[in-house]
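Visitor: Quick check, what structure comes out for this input:
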Amino acid sequence: MSLDATLSPPPNGFSEIWHAQVLAMADELINARIFGAEDWAQSLGAALQAAEAREDPDTEDTYFNCALTALEGLCRDKGGLSPDALSMRKSAWERAYSTTAHGEPVVLPKDEFTQTER
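Guide: Numbers count the residues shown, from 1 in each chain. Predicted coordinates:
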């Protein structure tokens, strides 16, 4: 496979919607000036280099996990999201998706987060 083919996006877009959503969330946070595009590029690059050093497979799932790691790190470091708040949000997400019927959108209850970070 040529280098150009490796860097090309999948022909039909992302295979899972959450692969696109993590990038959309990063874009929204850049537009909101929570962190900069350079911060994102450096953080994602570092996560990808770490995955390569671990010899993780070159798959969409690995890329997603690297993007998620980069996003979570920037939200902590630049966005004021504490490790405890991040853990609370992950737990709330797990509760929500585990109780949502297949094919239905996952919705976090508004009362799930009572404290405001920042």
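
Visitor: OK, contacts around residue 94?
Guide: Counting by Cβ atoms under 8 Å, 6 or more residues apart in numbering, residue 94 touches no other residue. Using the backbone N, CA and C atoms, a C-beta is placed for each residue, glycine as well.

Visitor: What separation is there between it and residue 30?
Guide: Distance, residue 94 to residue 30, using Cβ to Cβ, to the nearest Å: 27 Å.

Visitor: What lies in contact with the host helix or strand of residue 23?
Guide: Taking DSSP states H and E as the criterion, residue 23 maps to helix 17-31. Contact with helix 17-31 is made by 13-14, 35-37, 40, 60, 63-64, 67-68, 70-71, 74-75, 79, as judged by Cβ under 8 Å, 6+ apart.

Visitor: Show the average pLDDT along that helix.
Guide: Averaged across helix 17-31, pLDDT comes to 91.

Visitor: mind listing the helices for the chain?
Guide: Assigned by DSSP state H, the helices in the chain fall at 3-7, 17-31, 37-53, 60-77, 83-98.

Visitor: The longest one - contacts with which helices or strands?
Guide: Counting contacts by 3 or more Cβ pairs under 8 Å, 6 or more residues apart in numbering; DSSP states H and E, helix 60-77 is packed against helix 17-31, helix 37-53, helix 83-98.

Visitor: that older thread, now the contacts of helix 17-31: which count as buried?
Guide: Buried by 16 or more other Cβ atoms under 10 Å: 14, 35, 40, 63, 64, 67, 68, 70, 71, 74, 75, 79, out of these.

Visitor: can you list the residues you listed in a markdown table and add distance to residue 106?
Guide: Putting these into a markdown table (distance: Cβ to Cβ, whole Å) gives the following:
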| residue | distance to residue 106 |
| --- | --- |
| 14 | 17 |
| 35 | 25 |
| 40 | 25 |
| 63 | 22 |
| 64 | 17 |
| 67 | 19 |
| 68 | 16 |
| 70 | 22 |
| 71 | 18 |
| 74 | 23 |
| 75 | 19 |
| 79 | 22 |
